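>>> Whatever this is, show me its structure:
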Amino acid sequence: MQAKKHFHKLFKVILLVVATITLAVVMKVFLFASFIVPTGSMEPTILPGDFVLVNKLLIGPRIYQDFGFLQGKKTPYKQIKGMRQIRWNDILVFDAPYLIAGVLKKMPDQYYVKRCVAVPGDTFLIENGIFKIRGYTDILDNCENQLLLSQTANAEFGKEQFNCFPYDTAYHRNIKHFGPFYIPGKGETIKLNRQNIALYEPVIQYETEKRITLNEDQIFLDGEPLMAYTFTQNYYFMAGYYVLGSNDSRYWGLLPEDFVVGKASLIWKSINPETGNFRWKRFLKSVK
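Residues are numbered from 1 along each chain as shown. Presented below is the predicted three-dimensional model:
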């Protein structure tokens, strides 16, 4: 009898542990995730040492078919419909992109947090350090970014900082004078030519997992002529506040929607990385 009671107690404990783990996994996959921010590229909105709660439900969580995404591989997934589309000024957490041999890749288990400054259908440009959308006459955003950019409009930049995507001398682009750059959306077809192929080459090769080559004015995708391309997902232009050191879309180009983890919604905890002290005023602070 006594053994039976112990068995029931043990069974309840195991059941509780399994239920707790299951609930935590479900919440992390479908609802929320937490990330600690190590750099100051989004100061003063987000500081190094902030623990940011990311809302996956708003945009829609990604359900992968396998674990290839952990190694930075392009992995088939299903996107559950979110509450709304990504908008201007949304602060997003996403898989860290990088360019290698003209192809966009994900850095395994690394994430960035940046502000979205252009969405599908926008024509984005930077004029003397100020972000603009063609045809949009209002200030692009009222965040600290505009102030920081305007203050550095006449600053001197190093060669590494000044060069930017698509790293092609034909474009004459840098981080102070950039664009115009049209942002494509899912199902949209863009005619390709020698003038614009460098802008879209990384994401076309990412989507198709095929190689683009050029022969004079002709464009080929794995040896087949490519005169136009229909994109399979939405793209975004992301920017950080720290002009001199933010690794954002100015350096690697368009962000695919399947890189996005979710929207940064809340700083639930903050620790000063230099002192180890809690920054109590930042606890439960909304991210805007």
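
>>> Next one: the residue nearest the centre of the chain from S246, what distance?
Taking CA atoms, centre = their mean, the centroid of the chain lies closest to F94, which sits 3.9 Å from it. F94 sits 14 Å away from S246, taking CB to CB, to the nearest Å as the criterion. The C-beta positions use only the backbone N, C-alpha and C, and glycine is treated the same way.

>>> one step back: could you look up the SS state of the residue nearest to the centre of the chain?
strand (DSSP: H, G, I helix; E, B strand; the rest coil).

>>> what residues are up against it?
When contacts are counted by CB atoms under 8 Å, 6 or more residues apart in numbering, F94 touches Y111, Y112, V113, K114, M238, L255, F259, V260, V261.

>>> can we see that at 6 Å?
Y112, F259, V260, V261 (CB atoms under 6 Å, 6 or more residues apart in numbering).

>>> In a strand, the first one, correct?
Okay, so that is Y112. Yes - counting by three-state DSSP, Y112 is part of a strand.

>>> residues near N128, how many?
Neighbour count for N128, taken as other CB atoms under 10 Å: 11.

>>> what's the answer for N272, then?
13.

>>> before we move on, what about N163?
Neighbour count for N163, taken as other CB under 10 Å: 14.

>>> Could you do G240 as well?
Neighbours of G240 using other CB under 10 Å come to 23.

>>> Please determine how far it is located from I91.
For G240, the distance to I91 - CB to CB - is 10 Å.

>>> Okay, strands next: where are they in the stretch 1-150 of the chain?
Secondary structure of the stretch 1-150 of the chain (DSSP state E, counting those that start in this stretch): strands located at 32-36, 50-55, 62-64, 77-79, 91-100, 103-118, 123-127, 130-133.

>>> Give the partner strands of the second one in its sheet and their orientations.
Paired with strand 50-55 in the same sheet, following DSSP bridges, are strand 32-36 (antiparallel), strand 260-270 (antiparallel).

>>> And the longest one, by the same measure?
For strand 103-118, the paired strands and their directions (DSSP bridges) read strand 91-100 (antiparallel), strand 235-239 (antiparallel).

>>> Can you say which of these is packed in most?
Ranked by mean neighbour count, the strands paired with strand 103-118 are led by strand 235-239 with a mean of 25 (mean count of other CB atoms under 10 Å).

>>> Run the angle between that strand and strand 123-127 for me.
Relative orientation of strand 235-239 and strand 123-127, computed by axes from the mean of the first three to the mean of the last three CA atoms, to 10 degrees: 20 degrees.

>>> could you point out which element follows strand 235-239?
helix 249-252 (DSSP states H and E).

>>> tally of neighbours for the nearest residue to Q205 once chain neighbours are set aside?
Leaving aside its chain neighbours, Q205 sits nearest to V103 (4.6 Å; criterion: CB to CB, 6 or more residues apart in numbering). Residues contacting V103 under the criterion other CB under 10 Å number 18.

>>> Next: G60.
Neighbour tally, G60, other CB under 10 Å: 20.

>>> That one and S270, how far apart?
From G60 to S270 the distance is 28 Å (CB to CB).

>>> Can you measure across stretch 255-264, start residue to end residue?
The straight-line separation of the ends of stretch 255-264 (CA to CA, to the nearest Å) is 16 Å.

>>> hang on, the earlier thing: output the strands paired with strand 103-118 in a markdown table; the columns should cover mean pLDDT and distance to D122.
Output for the strands paired with strand 103-118, formatted as a markdown table (pLDDT from 0 to 100; distance: least, CB to CB, whole Å):
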| stretch | mean pLDDT | distance to D122 |
| --- | --- | --- |
| strand 91-100 | 92 | 16 |
| strand 235-239 | 95 | 8 |
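
>>> how about these, which one is nearest L214?
When the strands paired with strand 103-118 are compared by CB to CB, strand 91-100 sits nearest L214, at 17.1 Å.

>>> Would you mind writing the CA trace of the closest one as CSV?
Extracted in CSV, the C-alpha atoms of strand 91-100 (Å, rounded to 0.1, in the frame of the first residue of the first chain):
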residue,chain,number,x,y,z
ILE,A,91,11.6,46.4,-34.1
LEU,A,92,12.3,42.8,-35.1
VAL,A,93,14.5,40.0,-33.9
PHE,A,94,15.8,37.9,-36.8
ASP,A,95,18.4,35.3,-37.8
ALA,A,96,21.7,37.1,-38.4
PRO,A,97,22.3,37.3,-42.1
TYR,A,98,25.7,37.4,-43.9
LEU,A,99,26.8,37.4,-47.5
ILE,A,100,29.2,34.7,-48.9
